[in-house]
Every structure is written in C-alpha cells, then in structure tokens.
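Novice: give the three-dimensional model of this entry:
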Amino acid sequence: MRKLLFIVGILMVMASCENEQQPEEKLISAPTAEDSIQIYQGTFITVGKSAVLKGNQFVYEVKMDSMAKLLKDSFKNYELIDSNLIPIEVKGKVTNNVRFSGYSQIIEIKEIVAVFAEKQSENEKTEN
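Specialist: So this is what the prediction gives:
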C-alpha cells in the first residue's frame with residue numbers, strides 16, 4: 001500500500017509541475033525590407049528628347065517615360081536660369097542600359113521628390 005501511495009504521490013507531483021507557467025514568448029517582428037527605390041539628387045539635363053541625371057558621384061541616362069516627360073513639362077512653371085539644367089531630387093530605379101549607345105546605366109524615375117527652383121509668380125505666367 002505504501003508503494004502505491006508513493007507512486008500516486010510522485011505522479012501528482014509530476015502532474016502539478018507540468019502546469020507551471022512558462023515565460024511568455026515575445027514575438028519578434030521580422031525586419032521589413034528597405035525601400036528598394038533609392039533617392040537621387042542631381043541635375044536634370046535635357047537635350048532634345050533625351051535627358052541625363054548627373055549627381056556628384058554618378059551620371060545616368062533617364063528613361064523617357066511618362067514620369068520623365070511630366071517632370072520635363074513641369075519646368076515651365078519654374079524660374080530657371082538655364083532651362084536645360086534643373087536641380088532635382090527623385091526616387092528611381094537604376095538598371096544597366098541594354099542598348100550599346102549612351103550611358104552604361106539608366107534610371108527610371110518613379111517619383112518626383114523635389115525641384116530646387118522657385119515657382120513663377122502668377123504675374124510672370126500671364127506675361128509669357
């Protein structure tokens with residue numbers, strides 16, 4: 001009988017130990033991917049139907065899609081010393097140029113962040 005009580009006692013102790021609360025697991029959020037679209041600041045240079053973005057450490061040919069044309073057309077609203085050289089900041093994706101002519105890398109403008117020129121006043125727009 002003693003053996004039976006001893007075995008039941010041990011089973012009860014073991015069963016009560018299983019219910020002890022474990023320390024809570026803290027959920028670690030997975031790191032989010034950084035924005036793959038970089039910001040580039042430089043001079044937007046236009047010649048005819050083509051354009052180049054020139055920064056301190058780079059020179060990229062600009063892919064003349066709808067965003068680049070929108071950027072080029074928006075320069076009419078700014079007071080510019082030289083309408084072919086405009087300081088800008090854009091978000092874009094740089095890829096290797098598949099064509100053999102031009103620059104080795106091409107930038108596709110995804111977003112226009114800033115144009116570093118003063119906007120024309122309403123009086124100047126009506127005079128032009």
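Novice: so what pLDDT did the residue nearest the centre of the chain get?
Specialist: If you average the C-alpha coordinates of the chain and look for the closest C-alpha using C-alpha atoms, centre = their mean, you land on residue 37, 3.3 Å from that point. Residue 37 is assigned a pLDDT of 82 by the prediction.
Novice: what lies in contact with the helix or strand containing residue 71?
Specialist: When secondary structure is defined by DSSP states H and E, residue 71 falls within helix 66-74. The list of residues contacting helix 66-74 from outside it, by C-beta atoms under 8 Å, 6 or more residues apart in numbering, reads 44, 46, 51, 62, 88, 90, 108, 109, 110, 111, 112, 115. Any C-beta I mention is one placed from the backbone N, CA and C, and that applies to glycine too.
Novice: residue contacts, the fifth one?
Specialist: What it means is residue 88. 41, 42, 43, 44, 53, 71, 112, 113, 114, 115, 116.
Novice: show me the beta-bridge partners of it.
Specialist: With DSSP bridges applied, the residues forming beta bridges to residue 88 are residue 42, residue 115.
Novice: so how far is residue 113 from it?
Specialist: 8 Å (C-beta to C-beta, to the nearest Å).
Novice: just the buried residues of the contacts of residue 88.
Specialist: Neighbour-count burial within the contacts of residue 88 applies to 42, 43, 44, 53, 71, 112, 115; the criterion is 16 or more other C-beta atoms under 10 Å.
Novice: re the thing from before, which is the next helix or strand following the helix holding residue 71?
Specialist: Counting by DSSP H and E, the element after helix 66-74 in chain order, helix or strand, is strand 78-79.
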